[in-house]
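Q: Structural data only, the sequence is not supplied:
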């Protein structure tokens, strides 16, 4: 794992215990899986079919994890594509995907989670973990323009 920058992640897996560790955010996605460095210093590659989510977290919390909000309660405020993901195990999760085709990765999708106050900063979801992905809405479309302000009668223009 080259590079001096590493981010804390918790990798949720189907039918297994989660894995906590560190990844290099610029090149953690390999052709055969996600490269992670455990807190004990062991390097491992977890195959994509085993991974449900890779959650970039602020800190590793020990003990019981509180259930986090998985769906948006109302329309999100940030710009992007509001997507709803259905996982292979039946769970459903909302997220905000960048409205940029160049930002979509071959191996999966990186979304902003529905609960910004949770310990998750962003979530990577491999394509193999999903049964379906649908776009719920487009937030902050660049095609939408502001309406011109109507002119007030009797008022001259300053710059003509």
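A: It's in. These numbers come from a predicted model, not from an experiment.
Q: for the top strand by length along the chain, what is the average pLDDT?
A: Taking DSSP state E as the criterion, the chain has its longest strand at strand 130-139. In this model, strand 130-139 carries a mean pLDDT of 90.
Q: Remind me what that strand packs against, helices and strands.
A: strand 80-87 (3 or more Cβ pairs under 8 Å, 6 or more residues apart in numbering; DSSP states H and E). C-beta: built from backbone N, CA, C; applies to glycine.
Q: Now the residue nearest the centre of the chain: which helix or strand?
A: Against the mean C-alpha coordinate of the chain, by Cα atoms, centre = their mean, the closest residue is residue 111 at 1.8 Å. Element membership for residue 111, per DSSP states H and E: strand 108-113.
Q: Can you give the strand pairings for that strand, parallel or anti for each?
A: Using DSSP bridges, the strands paired with strand 108-113 in its sheet are strand 92-97 (antiparallel), strand 120-126 (antiparallel).
Q: Which one of these lies nearest to residue 21?
A: Residue 21 lies closest, by Cβ to Cβ, to one member of the strands paired with strand 108-113: strand 120-126, at 13.6 Å.
Q: can you pull the buried residues of the closest one?
A: Buried positions in strand 120-126, judged by neighbour count with 16 or more other Cβ atoms under 10 Å: 120, 122-126.
Q: where does residue 40 fall, phi/psi-wise?
A: phi -80, psi -10 (degrees, to the nearest 10).
Q: right, I mislabeled it, should have said residue 103
A: Backbone geometry at residue 103, expressed as degrees, to the nearest 10, gives phi -90, psi -10.
Q: Touching stretch 93-102 from outside, list them.
A: Residues outside stretch 93-102 that contact it (Cβ atoms under 8 Å, 6 or more residues apart in numbering) are 53, 70-72, 76, 78-85, 87, 104, 109-114, 123, 125, 136, 138-142.
Q: Just the buried subset of these, please.
A: The neighbour count (16+ other Cβ under 10 Å) marks 53, 72, 76, 80-85, 87, 109-114, 123, 125 as buried among the contacts of stretch 93-102.
Q: Since that was my last question, I'll sign off now.
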